[in-house]
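J.: I need the structure of the sequence given here:
(3 chains)
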Amino acid sequence: MTEIKKLDGKVPAGKLQDKWDQHRFNMKLVNPANKRKYKVIVVGTGLAGASAAATLSELGYDVSTFCIQDSPRRAHSIAAQGGVNAAKNYPNDGDSIWRLFYDTIKGGDYRAREANVYRLAQVANNIIDQCAAQGVPFAREYGGTLSNRSFGGAQVSRTFYARGQTGQQLLLGAYSALMKEVGKGKVKSYTRREMVELVVVDGKARGIITRNVVTGEYEKFSADAVLLCTGGYGNTYFLSSNAMASNGSAAWKAYKKGAMFANPCYTQIHPTCIPQHGDFQSKLTLMSESLRNDGRVWVPKDKNETRKANDIPEEERDYYLEEKYPSFGNLVPRDVAARNAKQQADMGKGVGSTKVAVYLDFADAIKREGIETIKARYGNLFDMYERITDENPYEVPMRIFPAVHYTMGGLWVDYNLMTTVPGCFALGEANFSDHGANRLGASALMQGLADGYFVIPYTLGNYLASEGLINSDVEETAPEFDEALKTSKERFDKLLAINGTKSVDSFHRELGVVMWDYVGMARTAEGLSTAITKIKAIREDFWKNVKVTGTNDGVNIELEKANRVADFLELGELMARDALTREESCGGHFRDEYQTEENEAKREDDKFCHVAAWEYTGDNKEPIRNIEELNFENVALTQRSYK
Amino acid sequence: MASSMLKYATSSVVKKQVMGITGLLLCGFLLSHLIGNCLMYLGPEAFNTYAHTLVTNPLIYVAEAILATIFLTHIGLAAQLTYENNKARPQKYYVKQKTGRGATFASSTMPYTGLIILAFLILHLIQFKFGPEYVITHSGVEMRDIYKTVVDYFQSPIAVIWYIFCMIALGIHVSHGFWSAFQSIGFWHPKYTCLLKCLGKVFAVIVTVGYSALPIFCYLQGGN
Amino acid sequence: MSSDNLLTLNLKIWRQKNNKEKGEIVDYTIDGISPDASFLEMLDVLNEKLIAEGNDPVAFDHDCREGICGMCSLMINGQAHGPEAETTTCQLHMRKFQNGETIVVEPFRARAFPVLKDLMIDRTAFDDIIASGGFVNVNTGNAQDANSILVPKENAELAMDAAACIGCGACVASCKNASAMLFVSAKVSQLSLLPQGQLEAEERVKNMVSKMDELGFGNCTNEAECEASCPKGISISNIARMNRDFLSAAVKAKD
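T.: Modelled structure (predicted):
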């Protein structure tokens, strides 16, 4: 039996409020003249990657960025709609850094590290300042000051926004900062490159192997540190609101090189997505959850209902959320709304041709507020809905269903954002650090930018200075690079050589169904064990029967997908394994066996107030579940209730 | 200094601005020429005296030189821009369709209407400015009877049709060019740009109808 | 909704092996397409079929599939992003097409956007333009309190209108001159409308325009096809603003 390690999050000592300041003082600095001698690789150019790359380059480091898309600007951060939180307290409504910290840690169901979350709340204000200075066109009041809105059930208005495109605007801000450095020749931007291997030399991350997706060439890049800013792994479920190219492969390569993977079972499922309409569907589209402010959720009482929504009389409708949660009604938190929708569908009461959807009805709101008011509030969302479904939500109820949206789990990092592989850092959604078991609305943008603009510039310097690696440039000719390149090449060649009968997508879909059914919103020990068995079987089948057309030379989209799906087939199993061993319910992880009498997530703080950090032990071998204890010194752990 | 000036002058934006400004100046020329033409309706004396006063003024050479420069700049730049535009898409589309929400017939035919106007301009100079010279005496002053040159020329229905055809092309050209010049210079306003577009169309109609009326008038005068 | 009105389509798709080889239009017939499928999902179905037959699937750019990343492109029946106004290809649905219709699918074409494979193009030129000046020169950590610089609401709204650009290149594709003026002017306008971007406004417009020219885009002839085919409805008033800014910068330039 391998021994379970207790991980040290390297949280600095001292009062919560002073930790970051004190730590910044204690950290070592790199001499300005030496910075340009350090090479830093940034993989992924979303909010975290672009902001980190730009800032590190401004400081003087020699930075290279890598992205799969044709431009750094395409990263999926761009799709975030709602906004970005900061405790500026401009509306004078009682917000403070402490309150933002408290809301975030409570929202995460007490499964995040206190010190990290407090730091996040502290630097959030600087993010708003920085973005405004970059020319991000935030919404403004008539007096010229910034507008705020309340978001995701927060009791203060602390969300800054740029129409419904906040993610886009913040990303373009970070992208423009990055391009500014590219223009000065200080950052090298490599596009259409996929990281296929992490290179570790003498126990430290010293470079990556990439595959050029246009030419099929494998390339070696060495550096003094590698930053993984590669987003989440929501696409394990096949259907999610993630972009098509979003994948978990870079993080997975790091995992296999010794970086531990923390809390993979924490996934966030968003309740208001446009439901799936057919087998050919490639992705799901999310609609802002603000819709629930005015819409009423219902399903027909009769399972065998065949009438159209508007023909079903009031008394034959089941407004299940209003009934079950009289005080919060349709505004219960994301996970509660999502779980209940799935319950209704599982009972056979779903609506639409596929029966996997529930109604979100605006008829009452339109009657009460008038169609113009509703149009002003949700016009763009209604238009989007109509474009996709060809149904007019002003006349017939919308059909909605939950979809996978965000993954709170990710590579385990310490307070300095470093993984368990020295020199390999993880930022943004790729790490596990700040959201605990559930992320609040408008916090993802905050975290990505906090990591990139305001945390890594300090902690990376400390690592480089402490290691004393003054330009100890690892040559790309080192045997480790050749070895890693050979491994990746062999893997891709192997995928091409199988030449089976089933397409890559068919495996991905198969995996998605298992994940959704057993590792979705409501999990059971039995279901999770089944999932592990099934995923293993799909994986085995994949490596025997997948058909990848074409060759390794030039563009081969099937080959790219196959490589990612192969990793999802392993990641999915780890997610199930983590969910199985976490014998409690918390945030986005709901185990049927652990619920309160009110059907609320019931935490087992005595046994599971810790981070599970999984350690790779070899292909098809059981990984080790290490832990990091979570100590709460500043907040009291409470049980939430929405009745 | 000179090289940097040249850098700005050869930028796509300034080239378009010069196109616009020369175009607007040419619109001014069109208007003044049209007013001069209207003297035809008052009879040979008024028209010939006007023409005589113009050509005998020593400043005419300066004016003609400026006008020629404007024309040549407009034409030269048009040629260069069209060449560059063609080069910007070496592989053409298999199918290309307009959205119906942007381009108009006028906007998409600018190079062609421009070519027609160029051909017209050359013929126009040959036929009139360097055309048959008749002499006449008005109020004791001997001068060229340009009136007769014009009326004689328009006795041919083909000449009348060609002229009107060219004036229609000219109208189409300015109907886009007029508004477009303001856009290129950088004038845009939610209210006034609409107004300018209308004004451009009104101007186009005035130019086409105004110029086309004259050959018909001449034709109807019959041989004398 | 129902599955009884599935579509059969004749596709004429541009196939090109790589940047060097010549391409051609290839005919495909596909059936059983749900009217609820998006255009890209229809291509997915075609690709599944091609793979099953052992053929090379059609390469096309796509990512978010919700109309915001700007990765998808395609000339559909000669129109950038297809016939629907203010709609990206990924948000175009097959119900907009008739059963039995012939659909021509080509890549966005411009000298500055070389074809990489089939319908995939290289839009690095746009990144180069942004790198030449599409930013505010403010390093991280330098910013003052966000509310210390007031921005008139109207300017913030106009800047946001311009900033909505997704960088897809439809403006270039639909312009008969392959001009990038709408793209460049959207960024120039966004930043020149805000006080934060004012300081470098002149330098920015000069640098971005000269980069645009250098990359081989065509000239603007004010036809507004770019505006009409822009999935985000970006107005050509931005082009006028850029023209004005450029003229003023060129006149005032000391060099």
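J.: what helix or strand does the residue nearest to residue C:150 when sequence neighbours are not counted sit in?
T.: Nearest residue to residue C:150, sequence neighbours excluded (Cβ to Cβ, 6 or more residues apart in numbering or on different chains): residue A:144, at 3.0 Å. For every residue, glycine as well, the C-beta is placed using N, CA and C. Following DSSP states H and E, one finds residue A:144 outside all helices and strands.
J.: for chain B, see how far away residue A:543 is.
T.: The gap separating residue A:543 from chain B is 42 Å, by Cβ to the nearest Cβ, to the nearest Å.
J.: hey, where'd the strands end up in chain B?
T.: Counting by DSSP state E, chain B has strands at residues B:135-138, B:141-144.
J.: swap that for chain C, please
T.: Using DSSP E, the strands of chain C run over C:7-15, C:24-33, C:75-76, C:79-80, C:102-106, C:115-117, C:120-121.
J.: packing partners of the longest one?
T.: If you count contacts as 3 or more Cβ pairs under 8 Å, 6 or more residues apart in numbering or on different chains; DSSP states H and E, strand C:24-33 packs onto strand C:7-15, helix C:39-52.
J.: mind redoing it with 10 Å?
T.: strand C:7-15, helix C:39-52, strand C:102-106 (3 or more Cβ pairs under 10 Å, 6 or more residues apart in numbering or on different chains; DSSP states H and E).
J.: what lines up beside it in the sheet?
T.: strand C:7-15 (antiparallel) (DSSP bridges).
J.: over to the last one?
T.: Note on strand C:120-121: by DSSP bridges, its sheet partners are strand C:115-117 (antiparallel).
J.: how about residues contacting the strand it pairs with?
T.: A:70, A:192, A:213-215, A:554-557, B:91, C:14-19, C:21, C:23, C:56, C:58-61, C:106-109, C:121-122 (Cβ atoms under 10 Å, 6 or more residues apart in numbering or on different chains).
J.: picking up where we left off before, could you say which one of the strands of chain C comes nearest to residue C:248?
T.: Judged by Cβ to Cβ, the one of those that comes nearest to residue C:248 is strand C:79-80, at 31.5 Å.
J.: and that closest one, how far from the chain's centre?
T.: 10 Å (Cα atoms, centre = their mean, to the nearest Å).
J.: who's in contact with that strand?
T.: Counting by Cβ under 10 Å, 6+ apart, B:95-100, C:73-74, C:88-89, C:104, C:108, C:168-175, C:225-226, C:228-231 sit against strand C:79-80.
J.: how does it look with 7 Å?
T.: If you take Cβ atoms under 7 Å, 6 or more residues apart in numbering or on different chains as the criterion, strand C:79-80 is touched by B:97, B:99, C:108, C:170, C:173, C:174, C:229.
J.: stretch A:126-139 too?
T.: A:84, A:86, A:88, A:146-147, A:160-163, A:169-170, A:173, A:176-177, A:446, A:449-450, A:453-454, C:136, C:138, C:140, C:142-146, C:156, C:159-160, C:163, C:190-191, C:194, C:196-197.
J.: can you select the buried ones from those residues in ChimeraX?
T.: Remark: buried members of the contacts of stretch A:126-139, expressed as a ChimeraX selection using 16 or more other Cβ atoms under 10 Å in any protein chain shown:
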select /A:84,86,88,146,147,160,161,162,163,169,170,173,176,177,446,449,450,453,454 /C:136,138,140,143,146,156,159,160,163,190,191,194,196,197
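J.: what does the stretch 201-350 of chain A put close to chain C?
T.: A:214, A:243, A:244, A:245, A:277, A:278, A:280, A:281, A:282, A:283, A:285 (Cβ under 7 Å from any Cβ of the partner chain).
J.: need the residues of chain B near chain A, please.
T.: Counting by Cβ under 7 Å from any Cβ, chain B has no residue next to chain A.
J.: please identify which residue in chain B comes closest to chain C.
T.: residue B:186 (2.6 Å; Cβ to the nearest Cβ).
J.: hang on, isn't that residue packed against residue C:249?
T.: No. Between residue B:186 and residue C:249 there is no contact under Cβ atoms under 7 Å: 11.1 Å.
J.: ok, what's across the strand from the residue nearest to residue C:15 when sequence neighbours are not counted?
T.: Leaving aside its sequence neighbours, residue C:15 sits nearest to residue C:26 (Cβ to Cβ, 6+ apart; 4.7 Å). Beta bridges link residue C:26 to residue C:13 when assigned by DSSP bridges.
J.: which residues of the stretch 51-200 of chain C lie near chain B?
T.: So the stretch 51-200 of chain C meets chain B at C:75, C:77-79, C:85, C:104, C:106, C:109-111, C:174, C:176-178 (Cβ under 7 Å from any Cβ).
J.: quick one: which of those residues has the most company?
T.: In terms of neighbours by other Cβ atoms under 10 Å in any protein chain shown, these top out with residue C:174 at 29 neighbours.
J.: tell me the spacing between that one and residue C:224.
T.: Going from residue C:174 to residue C:224 by Cβ to Cβ, to the nearest Å gives 10 Å.
J.: also residue A:239?
T.: Where residue C:224 is concerned, residue A:239 sits at a distance of 39 Å (Cβ to Cβ).
J.: I'd say residue A:86 and residue A:125 touch.
T.: Yes. With contacts counted by Cβ under 7 Å, residue A:86 reaches residue A:125, the gap being 5.2 Å.
J.: and the residue of the stretch 201-350 of chain A nearest chain B?
T.: Closest point on the stretch 201-350 of chain A to chain B, by Cβ to the nearest Cβ, is residue A:214, at 18.8 Å.
J.: I am finished for the moment; much appreciated.
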